[in-house]
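K.L.:
Sequence first, predicted coordinates after that:
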Amino acid sequence: MDNDMPSRRAFMAAVLIPLGAYAQASPRLPNEVQVSPLLVTSGQPPARALAALGEAGFQAVIYLAPSTVPDAVADEHAILQKQGIEFVHVPIPFGSPEEKHYLEVAGALTRLAGKKVLVHCQVNMRASTMMFLYRVIALHEPPERAYEAVARIWSPRGPWRELMVSQLRKHGVAFEPY
């Protein structure tokens, strides 16, 4: 990921654009956190919100919950496909997130650099945590700043906190999530 400098530079430029430059209104998304004009995390959007993502300029959606969760939108992929929005599904069991899940999410985010992306799950716990790790590990953002988006949603515990701490340590980042 760090070796792909052109994509990383484009993504960093997008992340550093002031939030006021976010011109197109986003559909109402549950637990929405706007990371940058091109990156948004949220809980599970209802079908009507998914159908409005194209009008709001979204070009890709990364879905992090298994499709078997009770509030999953069964035809999410088809709703997005009709709008020309790329759909990436990385089903992460809530009770057992692993490094491989982070690596898959990070790979997708790196590949989608420069596009407007929604990363969502059920509540925005998986999404906010994976986005935090990506911002800190791949984009080298200060963890204190990146963690603010997580803290708006939750305080990771159990396997999610363990994943965060292990990945941060592996990459030499000194930060204790609170």
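P.N.:
Okay, I see it.

K.L.:
switch to C-alpha atoms for all contacts and neighbour counts from now on
P.N.:
Noted.

K.L.:
in the protein, which spans are strands?
P.N.:
All strands of the chain, identified by DSSP state E, fall at 33-36, 39-42, 60-63, 86-89, 117-120.

K.L.:
As CSV, the ones you listed with distance to Tyr147 and mean pLDDT would be great.
P.N.:
Listed next are these as CSV, based on distance: least, C-alpha to C-alpha, whole Å; pLDDT from 0 to 100:
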stretch, distance to Tyr147, mean pLDDT
strand 33-36, 11, 96
strand 39-42, 13, 98
strand 60-63, 20, 98
strand 86-89, 24, 98
strand 117-120, 16, 98
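
K.L.:
Would you convert these into CSV that also reports distance to Val150 and mean neighbour count?
P.N.:
CSV is the format used below for those (distance: least, C-alpha to C-alpha, whole Å; neighbours: other C-alpha atoms under 10 Å):
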stretch, distance to Val150, mean neighbour count
strand 33-36, 9, 19
strand 39-42, 10, 25
strand 60-63, 17, 24
strand 86-89, 21, 18
strand 117-120, 13, 26
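
K.L.:
could I get these as a markdown table with distance to Met131?
P.N.:
Shown next, in a markdown table, are the strands of the chain (distance: least, C-alpha to C-alpha, whole Å):
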| stretch | distance to Met131 |
| --- | --- |
| strand 33-36 | 9 |
| strand 39-42 | 8 |
| strand 60-63 | 11 |
| strand 86-89 | 15 |
| strand 117-120 | 8 |
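
K.L.:
Nearest to Ala51, out of those strands?
P.N.:
When those are compared by C-alpha to C-alpha, strand 60-63 sits nearest Ala51, at 12.0 Å.

K.L.:
mind exporting the closest one as PDB, just the C-alpha atoms?
P.N.:
Output of strand 60-63 as PDB, limited to C-alpha atoms (Å, rounded to 0.1, in the frame of the first residue of the first chain):
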ATOM      1  CA  ALA A  60     -18.000   3.200  -4.800                       C
ATOM      2  CA  VAL A  61     -19.400   1.500  -1.700                       C
ATOM      3  CA  ILE A  62     -17.500  -0.800   0.600                       C
ATOM      4  CA  TYR A  63     -19.800  -2.900   2.700                       C
END
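
K.L.:
mind checking which of the strands of the chain is nearest Glu148?
P.N.:
Counting by C-alpha to C-alpha, Glu148 lies closest to strand 33-36 out of the strands of the chain; the figure is 9.9 Å.
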